[in-house]
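>>> build me a model from this:
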Amino acid sequence: ELLGWKNAHVLDTLSAAYAESGQFAEAVKWQTKAIELAPAGAKAELQSHLQLYKAGKPYRQKAGK
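Got it, this is the predicted structure:
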């Protein structure tokens, strides 16, 4: 809320948390917003996260990233 829901990175993290807890509709909602706000170079990665959430799967970052 402090950032006015306008930071793509924060929304990506929020989406991942929703997906991890099984709330995929919320994950899709916020990931879609993250994609809208993201710079062009970041959209592809965020889109890949969205596809996972639509498939009912959480995004899990690999160790070392």
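>>> for the protein, which spans come out with low pLDDT?
Scanning the chain for pLDDT under 70 picks out the ranges 1-5, 64-65.
>>> sketch out the helices for it, chain order is fine.
Here the chain has its helices, by DSSP state H, at 8-20, 24-37, 43-54.
>>> out of those helices, the one nearest residue 61 is which?
helix 8-20 (8.1 Å; CB to CB). To be clear about C-beta, it is placed using only N, CA and C from the backbone, and glycine gets the same treatment.
>>> returning to that earlier point: now the helices of the chain in TSV, with mean neighbour count and distance to residue 62?
Below are those laid out as TSV (neighbours: other CB atoms under 10 Å; distance: least, CB to CB, whole Å):
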stretch	mean neighbour count	distance to residue 62
helix 8-20	19	13
helix 24-37	19	19
helix 43-54	16	13
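>>> and of these, who's closest to residue 60?
helix 8-20 (7.9 Å).
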